[in-house]
Every structure is written in C-alpha cells, then in structure tokens.
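Novice: Next input, structure requested:
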Amino acid sequence: MPVATQQTRKPGISLHLLGVICGLTAGVWLGAAEAPTKLVNAGYSPFAISLCMVAGVFTARWTFPTLLKGTSYVFTDLAEKKHLIVWALLAGALWAVANTLTVFAIRDVGLSIAFPLWNTNSLIGLLWGRLLFRELDGANGKTISKVVLGVVAIVIAAIMLGFSTIHGGDTAASHHALGGIAAAFGASLMWGTMYVPYRKAYISGMNPLSFITAFTVGELGTVLALTLALDGGMHSSAFQLLHTRGALFWLFLGGFVWVVGDLFQQFATKYLGIGRGIPLSNTNQLWGLAWGALVFGELATADMPHKMLVLAGSAIMILGAFAVSTAVASDREQASNHGAMMRECERYNLDVDRTQAAQTGDEFGNRNERRRWWDYVILLTATGVFVWLGVRATVPPLAMNFAWIIALSVVLLASVAAGGFMLWRRTRFS
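Specialist: Numbering: from 1, shown residues only. Presented below is the predicted three-dimensional model:
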C-alpha cells in the first residue's frame, strides 16, 4: 500500500504544505470578494445582487479551467466520472442558496454580524468530514486537538472580528434581525454541507477544475430559478440591474475575485480534506475586515475596546490557522483516507491506480491538454465581457483609501502568484 509514501513521490513541497498554501491563499481572495459589492448602490433585492454576482462567477469559472487545462481535458475528466456531475450540480445549487441567504442576512443584521455566523460552516464541514469520510480517523490525540481547537479558535476569532465593527449607532438593530440571523445560520448549514460533494469528487480522482465547470451550471441555474420564482419573475430588479452597467461591473468583479479564492479552496479541500482545508480558507474574515477597515474606514470611529477586539480576534485567528496548518496527517490517518478512496472505487467501479495517482496531483498525466480553437473563443469572450463592463463602470462617491487599495491588491497578486506557482510546479494544476 503506497499510502505512507504518497506525499514524497514527486519532488518539491509536500501535499500537506501545498494544501495549507492553497487554503491561506483562498482566505486572502475570498476576503477581498466582498469589497467590490460594497460599491453597488442599495435598493436592489438580494436575489438581484446574487444573480448578477453569480453571472460574474459563471463567466470566470469557465475561463480558468479553459486557460489552465483546456476544455478537452475537462470534458474527458467529466465523462470518465459521470456520477460526479450530479454531485457537482448539487454543490452548485447549495452554494447558490447559501449565497442568496447571505445577502438577506447582510440586509437584515449587517455584514459584521452575518459574516461570523455563516463562517461557522467550518464546524459543520468538520462534522461531515468526520461522519462521512472518516477524516481524523487514526490521527493521534495531538493532531486531533490541533484541528479541533484550531477550528474552534478560528470561529471564535471570526465572531470577535465581526462584533469589533459594531460601535456607536451601527448595531443594525432591526425587526428583521431574527430572520437575518436565521438566514446567516442557514447559509452556514448550506455551505458546510456543500463541501461533502467537494470531498467526494476529490477522493474519486476528479480534478477541481473539472468539478467547478459542472458546479457553475448548478449555481447559475439555481439562483436564476430562485429569482424567477421568488422575486417577481421577469419583473425582478435583477433584470433592471443588468442594464445598469456601472453597478454590474462591480458585481462581476466580486464574482471573479470569489472564483479565484474558491479555486484555491477546492485544491485545499482536495489535499487537506474538509476538516483542515475549510477552516484555513475561513481566515477570509481577517482579510475582509482589512478591506473594510483600511479601504472603507469602517473602524474610523471605533473606540479602544473595539480596536482591542480586532487585535485579539486577529491574534486568535492566526493561532488557530497555525494549529490547523501544523496538524500533519500521520501514516495511520493516511491509511484511513486510502480506505475512503477504496470505498469510492468499489462503489463506482473506478480504476484504483489512476485514482490513487490523482491523490498526489498526478492524475491523467498523459491526457491531451492541447487547446482547441473554441478554447480561445471562450477566453476572448470572457475577457471581452469584463472589458465591456469595465469601460462603462462608474465609481460611486464613497470615501476610499487608494493607498490601501494598492497595498492590498499587491497582496492579492503576490498570493495568487505564489500559490499558483506552487500548484503548477507540484501538480500542474491537478
């Protein structure tokens, strides 16, 4: 059984460290995804905001797999594991419902309260990973303590960071507060459960780039159906927003940034599992706060107790992420993971050797990744959409610190360059 040596088959960093890098990079980008949506004028329904953002997600999701692997690779991968297409569509549907619930939660209780509530999804993901895939089975007490305490620390830190932005009269008190809290917890449940199809796909050897191609069909179809059914059909404000090009660009940009973060989150889930990968990506709260406080001045009027909450919450989140990052799977835990893979192979009659190779990022090394003419059409079309919207975009008259925009944008670019290079060098994006 090659499990104990699977992380040393190829030169370079270990798969555990690669997963950690992907998880932390995901946090940087997912935290920044909310910033563009702040620039959209209020007055649109949550369904409208969600639909337009998902349209940007859809555009970007088809672009990255085409750019990195080509459609021939992606569709061959999907054809070899047809049963996983349904799981990908289900994951997309869960994401769409969760994303719509978050907009309701932000509207009713504010981002500062809603964000930490839905970030409890890491606890739900940890539970599902343990129950369904036997994650942490065979791990020693020290490793289990690192993962569990690290996840709890990240959730506690998220709550502290959320409440640190509530000060003065910004409590967002509302008669809709109970509904907003319920929406945030509902989003947490949906997102925590969404990681089950993720994990199922990756222990079966599917490439994350292939998975998200089907995933995006599920999310766009679901959010469109929700809009038509619950937001006035063709009279929804979503279709009015489609003609407001200045605002639409920012929602598309938010979707684009989110897709980059989610791609790294997918790879983190593949190489670390649900219990480790999702908590690391949930450090996005720290980066979301950085954008809100440094760029939009959300803490400009905060008193000292609230600023101390920021410092304490940030420190706890860093310690929690460090604990999870250092919880390396032992040989016994890797053997348990191998057992989960074998069960999937037996259930769906998968080739064991090829599926095992996929666990090390070495899947289908002989597959043709040559780009077809339609690949370039997809890339040019997606780029053209963003350029067309971008040249017509207008920046609302909001107070922003452009020095911090540049600084945080540099962090974004540096993280994706480092994470992308590590993925390419170690697995060729597999």
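Novice: For the rest of this, base every contact and every neighbour count on C-alpha atoms.
Specialist: Fine.
Novice: Which helix or strand contains the nearest residue to D231 once chain neighbours are set aside?
Specialist: Closest residue in space to D231, ignoring its immediate chain neighbours: F47 at 6.7 Å, by CA to CA, 6 or more residues apart in numbering. Using DSSP states H and E, the element containing F47 is helix 46-68.
Novice: Determine the angle, from 0 to 180 degrees, between the following helix or strand past that helix and helix 46-68.
Specialist: Proceeding N to C from helix 46-68, the next assigned helix or strand is helix 71-80, under DSSP H and E. Angle of helix 71-80 versus helix 46-68, following axes from the mean of the first three to the mean of the last three CA atoms, to 10 degrees, is 110 degrees.
Novice: Dump the helix holding F47 to PDB, keeping only the CA atoms.
Specialist: Extracted in PDB, the C-alpha atoms of helix 46-68 (Å, rounded to 0.1, in the frame of the first residue of the first chain):
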ATOM      1  CA  PRO A  46     -31.000  40.100  -2.500                       C
ATOM      2  CA  PHE A  47     -32.000  37.900  -5.500                       C
ATOM      3  CA  ALA A  48     -30.800  40.600  -7.900                       C
ATOM      4  CA  ILE A  49     -27.500  41.000  -6.200                       C
ATOM      5  CA  SER A  50     -26.900  37.300  -6.000                       C
ATOM      6  CA  LEU A  51     -27.900  36.600  -9.600                       C
ATOM      7  CA  CYS A  52     -25.600  39.300 -11.100                       C
ATOM      8  CA  MET A  53     -22.700  38.200  -8.900                       C
ATOM      9  CA  VAL A  54     -23.200  34.600  -9.900                       C
ATOM     10  CA  ALA A  55     -23.300  35.700 -13.600                       C
ATOM     11  CA  GLY A  56     -19.800  37.000 -12.900                       C
ATOM     12  CA  VAL A  57     -18.900  33.800 -11.200                       C
ATOM     13  CA  PHE A  58     -20.100  31.800 -14.200                       C
ATOM     14  CA  THR A  59     -18.100  33.900 -16.600                       C
ATOM     15  CA  ALA A  60     -14.900  33.500 -14.600                       C
ATOM     16  CA  ARG A  61     -15.400  29.800 -13.800                       C
ATOM     17  CA  TRP A  62     -15.400  28.800 -17.400                       C
ATOM     18  CA  THR A  63     -12.400  30.900 -18.100                       C
ATOM     19  CA  PHE A  64      -9.900  29.400 -15.600                       C
ATOM     20  CA  PRO A  65     -10.300  25.700 -16.500                       C
ATOM     21  CA  THR A  66     -10.100  26.600 -20.200                       C
ATOM     22  CA  LEU A  67      -6.900  28.700 -19.600                       C
ATOM     23  CA  LEU A  68      -5.200  26.100 -17.300                       C
END
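Novice: List the buried residues of it.
Specialist: Residues 46-66, 68 are the ones in helix 46-68 that count as buried (16 or more other CA atoms under 10 Å).
Novice: Which strands or helices does it pack on?
Specialist: Applying 3 or more CA pairs under 8 Å, 6 or more residues apart in numbering; DSSP states H and E, one finds that helix 46-68 contacts helix 83-109, helix 208-230, helix 237-241, helix 245-272, helix 373-390.
Novice: and of the ones you listed, who's closest to I181?
Specialist: Smallest distance to I181 across those (CA to CA): 6.3 Å, for helix 83-109.
Novice: what's the offset of that closest one from the middle of its chain?
Specialist: Helix 83-109 has its C-alpha centroid displaced from the chain centroid by 12 Å (CA atoms, centre = their mean, to the nearest Å).
Novice: Now do it and helix 71-80, the angle between them.
Specialist: Angle, helix 83-109 to helix 71-80, by the same axes, to 10 degrees: 100 degrees.
Novice: Packing partners of helix 83-109?
Specialist: helix 46-68, helix 111-118, helix 177-203, helix 208-230.
Novice: pLDDT averaged over the longest one - what is it?
Specialist: Okay, so that is helix 177-203. Mean pLDDT, helix 177-203: 87.
Novice: Give the buried residues for that helix.
Specialist: Neighbour counts over helix 177-203 (16+ other CA under 10 Å) mark 177, 180-203 as buried.
Novice: unless I'm mixing things up, L90 is touching L220, no?
Specialist: No: assessed by CA atoms under 8 Å, L90 is found out of contact with L220, at 11.6 Å.
Novice: Neighbour count: the two, which is higher?
Specialist: The neighbour count for L90 versus L220, taken as other CA atoms under 10 Å, is higher for L220 (25 against 20).
Novice: how much space between the more buried one and S409?
Specialist: 28 Å (CA to CA, to the nearest Å).
Novice: on that earlier part again, can you redo the helices and strands packed on helix 83-109 as a markdown table with distance to F429?
Specialist: A markdown table is the format used below for the helices and strands packed on helix 83-109 (distance: least, CA to CA, whole Å):
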| stretch | distance to F429 |
| --- | --- |
| helix 46-68 | 7 |
| helix 111-118 | 29 |
| helix 177-203 | 13 |
| helix 208-230 | 8 |
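Novice: quick one, which of those helices is nearest to T100?
Specialist: helix 46-68 (5.6 Å).
Novice: Report the inter-axis angle for that closest one versus helix 245-272.
Specialist: Going by the same axes, to 10 degrees, helix 46-68 makes 60 degrees with helix 245-272.
Novice: now helix 46-68: mean pLDDT?
Specialist: The pLDDT scores in helix 46-68 average 81.
Novice: got a list of contacts for stretch 229-241?
Specialist: Y44, S45, F47, A48, I49, L51, C52, T227, L228, A247, L248 (CA atoms under 8 Å, 6 or more residues apart in numbering).
Novice: just how off-centre is the helix holding F47 within its chain?
Specialist: So, by CA atoms, centre = their mean, the centroid of helix 46-68 is 13 Å from its chain's centroid.
Novice: what residue ranges in the stretch 1-150 of the chain score low on pLDDT?
Specialist: 1-12, 37-44, 110-113 (pLDDT under 70).
Novice: same deal with the stretch 151-300 of the chain?
Specialist: In the stretch 151-300 of the chain (pLDDT under 70), the answer is 164-176, 237-238, 241-245.
Novice: so can I have CSV of the contacts of stretch 229-241 showing distance to A302?
Specialist: Output for the contacts of stretch 229-241, formatted as CSV (distance: CA to CA, whole Å):
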residue, distance to A302
Y44, 29
S45, 30
F47, 32
A48, 32
I49, 29
L51, 34
C52, 33
T227, 38
L228, 41
A247, 29
L248, 32
